[in-house]
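Novice: Give me a model of this one.
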Amino acid sequence: MRILRALIRKEFLQVARDPATVFVTLLLPLVLMFIFGYGVNLDVGRFRVGVVLEGDDPNGLSLLDAFGNSRYFAVVSGRDIRAFRDDLTAGRLKGLIVVPRDFGRLLASGHGPSIQIVTDGSDANTASFVRAYSQMAIMNWQANALQEKGRPSPPAIRVESRSWYNPELISRNFLMPGSMSMILTITGVILTALVIAREWERGTMESLMATTAGIYEIIMAKLLAYFVLAVVSMALCWGMAVFWYGVPFRGSLPALLALGSIFLWTALGQGLMISTLTKSQYLAAELALITAFLPSFLLSGVIFEISSMPLALRLITRLVPARYFVSSLQTIFLAGDVWPLFARSMAAMAAIGSVYFLITARRTVKKVA
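Specialist: Below you'll find the model as predicted:
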């Protein structure tokens, strides 16, 4: 028993002295529970929609108030659908409800007026929710309004639904572009972190840094091969999505290459930073999984709607490069080249990547000194 107690004590001491084991057994479950508890959210949040009132009749204004009072919508109003086109393309609006100019006259005369619901088909799930809840809001408004007037059989309001960019609401058309971000994350972050961490473990990195080569030359030389490999991977993903699965590609290849290059800059920088900070393949793999792959899957908007997440988690998603890459990919595939959106996304990804490279350079110089 003395030997057994001594061996047990030795194992606990070894675990306590191993940061990787402590991280995996104690911190990893907490991180995963936090992400799955708040990030994986299938509940419906408040959708930001635009209500276009082409006329000034009281019935249209009453319907606008009904949408504004709904717990499912955050409403902005206007007079012309063209004023909201850019917001719908950029994803700032999830749908448009167009109330025609003769809405009140047709309703009063007993003829069923028509209301148009326009959704962003680049996210088929959200488009379906917006359409369903808009129809429900219109039906509830009509029942309540006409009940107050004592009319027993209201004329039916015709709802015409359209989805821009993905009219058939095929889920593959927005899932395939989004999956490219996860594939490039594996190539850019996880593979880079593991390969360079292996060099730190074997001591070849220190030997290389003992030469006259500068730190930035070493970093760029190390990452060039993985950048080329990741670009080839992106080209294969694009070809498979377009030619095999039939996903429409309405943008341009130079725009796709520019977006992919900036994202890979960020991904490679994160992989290099992880390998430099840990210098252990095991710990590098765990950190790459938690800080890169899981956020790109759960917090990028490719599967779960970001607007349905709590405010704290929505702020955290702004630090996830895949969030900007996914929205840009869905736009370039289904809508085309929208350079104002691309410019904001590339600026955000470049800023995050620059922080990764700065941390890596400072940490590496300090270690060598």
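Novice: ok so residue 48 is a strand residue?
Specialist: Yes. With DSSP: H, G, I helix; E, B strand; the rest coil as the criterion, residue 48 is part of a strand.
Novice: From residue 184, how far out is it?
Specialist: From residue 48 across to residue 184, the span is 29 Å (Cβ to Cβ, to the nearest Å). (Glycine included, C-beta is placed from N, CA and C.)
Novice: Compare those two (neighbour count), which wins?
Specialist: Applying other Cβ atoms under 10 Å to residue 48 and residue 184 shows that residue 184 carries more neighbours, namely 24 against 17.
Novice: gap between that one and residue 295?
Specialist: Distance, residue 184 to residue 295, by Cβ to Cβ: 14 Å.
Novice: Over to residue 118?
Specialist: Per Cβ to Cβ, residue 118 is found 31 Å from residue 295.
Novice: if you count what's nearby, which of those two comes out ahead?
Specialist: Per other Cβ under 10 Å, whichever of residue 118 and residue 295 has more neighbours is residue 118, with 26 against 20.
Novice: The more buried one belongs to a helix?
Specialist: No. Counting by three-state DSSP, residue 118 is not found in a helix; it is strand.
Novice: Tell me how far residue 157 lies from residue 192.
Specialist: Distance from residue 157 to residue 192, by Cβ to Cβ: 56 Å.
Novice: same question but for residue 209, I mixed them up
Specialist: Distance from residue 209 to residue 192, counting by Cβ to Cβ: 17 Å.
Novice: neighbour count winner among those two?
Specialist: In this view residue 209 and residue 192 are compared by other Cβ under 10 Å, and residue 192 has more residues nearby, 29 against 15.
Novice: you'd agree the more buried one is in a helix?
Specialist: Yes. Applying three-state DSSP, one finds residue 192 inside a helix.
Novice: from what I can see it touches residue 226, true?
Specialist: Yes. Judged on Cβ atoms under 8 Å, residue 192 makes contact with residue 226 at a distance of 5.2 Å.
Novice: name the helices or strands packed onto the longest helix anywhere in the chain?
Specialist: Counting by DSSP state H, the longest helix found in the chain is helix 339-368. Identification of packing neighbours for helix 339-368 by 3 or more Cβ pairs under 8 Å, 6 or more residues apart in numbering; DSSP states H and E yields helix 85-90, helix 204-209, helix 215-239, helix 253-278, helix 321-334.
Novice: now the helices: where do they sit in the stretch 1-150 of the chain?
Specialist: Along the stretch 1-150 of the chain, counting by DSSP state H, counting those that start in this stretch, helices occupy 2-16, 19-22, 28-34, 58-69, 85-90, 103-108, 124-148.
Novice: Any chance of those helices in a markdown table with mean neighbour count as columns?
Specialist: As requested, these are arranged in a markdown table below (neighbours: other Cβ atoms under 10 Å):
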| stretch | mean neighbour count |
| --- | --- |
| helix 2-16 | 9 |
| helix 19-22 | 14 |
| helix 28-34 | 12 |
| helix 58-69 | 17 |
| helix 85-90 | 17 |
| helix 103-108 | 18 |
| helix 124-148 | 17 |
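Novice: quick one: which of those is nearest residue 302?
Specialist: helix 124-148 (11.0 Å; Cβ to Cβ).
Novice: Which is the succeeding secondary structure element to the closest one?
Specialist: Using DSSP states H and E, the helix or strand that directly follows helix 124-148 along the chain is strand 158-164.
Novice: That next one pairs with which strands?
Specialist: Here strand 158-164 is paired, per DSSP bridges, with strand 114-120 (parallel).
Novice: hmm, who's touching the strand it pairs with?
Specialist: 81, 88-89, 91, 93-100, 103, 126-127, 130-131, 134-135, 138, 157-165 (Cβ atoms under 8 Å, 6 or more residues apart in numbering).
Novice: That strand versus helix 58-69: what angle between them?
Specialist: Here strand 114-120 runs at an angle of 30 degrees relative to helix 58-69 (axes from the mean of the first three to the mean of the last three Cα atoms, to 10 degrees).
Novice: could you give the mean pLDDT of strand 114-120?
Specialist: Throughout strand 114-120, pLDDT has a mean value of 87.
Novice: Can we start the residue count at 27 from this point?
Specialist: Done: numbering now begins at 27, and the last item shifts to strand 140-146.
Novice: Roughly how far does residue 95 sit from residue 313?
Specialist: Distance, residue 95 to residue 313, by Cβ to Cβ: 46 Å.
Novice: And residue 224, by the same measure?
Specialist: Between residue 224 and residue 313 the computed distance is 15 Å (Cβ to Cβ).
Novice: go on, residue 291?
Specialist: Note on residue 291: its distance to residue 313, by Cβ to Cβ, is 19 Å.
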